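Visitor: mind folding the following:
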Amino acid sequence: MTDISTETRSVVIEKEIPFPAERIWRALTQPHLIEEWLMKSDFKPVVDHRFNFNADWGSVDCRVLEVEPNKTLAYTWDAYGLETIVTWTLTPTNAGTHLRMEQSGFKPDQRQAYGGARSGWPQFFEKLERVLVRVE
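Guide: Numbers count the residues shown, from 1 in each chain. As a prediction, this is how the structure comes out:
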């Protein structure tokens, strides 16, 4: 029998983006660009760096877990009792880059946060793509 209290869910967004991984990496790691598509932050792509995302509704406490330039970026995402991990994976393709984002660790009693992430991340992806059009 499975103990449902320990099961977690993830939000996964995957998209083929017609830009090289290096350009996407810049938009994922440079604070002035992150602010344009996600939130204001004091992010640095350095393992164990603690940073915050700030919005009018509050802030998210984060810590960088993994950095592999142009390939993988992972950080914690802690806010209002939610403790998840966001992992970005960039895979070069013939048409550009396959971008995968997974926010993992939603507990069964965090339905509202899970629903918010499921509806929010696609909007952030749209904003990210608009930023990428003009980033060199």
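Visitor: rest of the way, CA atoms for contacts and neighbours
Guide: OK.
Visitor: list the buried residues in the longest helix seen in the chain.
Guide: Among the segments of the chain that qualify as a helix by DSSP state H, the longest is helix 111-134. With burial defined by 16 or more other CA atoms under 10 Å, the residues of helix 111-134 counted as buried are Ala113, Tyr114, Ala117, Arg118, Trp121, Phe125, Leu128, Glu129, Val131, Leu132.
Visitor: quick check: Ile17 vs Glu126, distance?
Guide: Applying CA to CA, to the nearest Å, the value for Ile17 to Glu126 is 11 Å.
Visitor: correction: the previous question concerned Tyr80.
Guide: Note on Tyr80: its distance to Glu126, by CA to CA, is 25 Å.
Visitor: one more: Pro45?
Guide: Shown here: Pro45 relative to Glu126, a distance of 23 Å by CA to CA.
Visitor: can you check Pro31 too?
Guide: 18 Å.
Visitor: which residues are in contact with Leu90?
Guide: Leu90 makes contact with Ala21, Asn70, Lys71, Thr72, Thr97, His98, Leu99, Arg100 under the criterion CA atoms under 8 Å, 6 or more residues apart in numbering.
Visitor: so which of the residues you listed are in strands?
Guide: Judged by DSSP state E, these include Thr72, Thr97, His98, Leu99, Arg100 as members of strands.
Visitor: doesn't Trp88 make contact with the first one?
Guide: Yes - the pair Thr72 and Trp88 qualifies as a contact (CA atoms under 8 Å) at a distance of 5.6 Å.
Visitor: more neighbours: those two, which one.
Guide: Between Thr72 and Trp88, counting by other CA atoms under 10 Å, Trp88 is the more crowded of the two (22 against 17).
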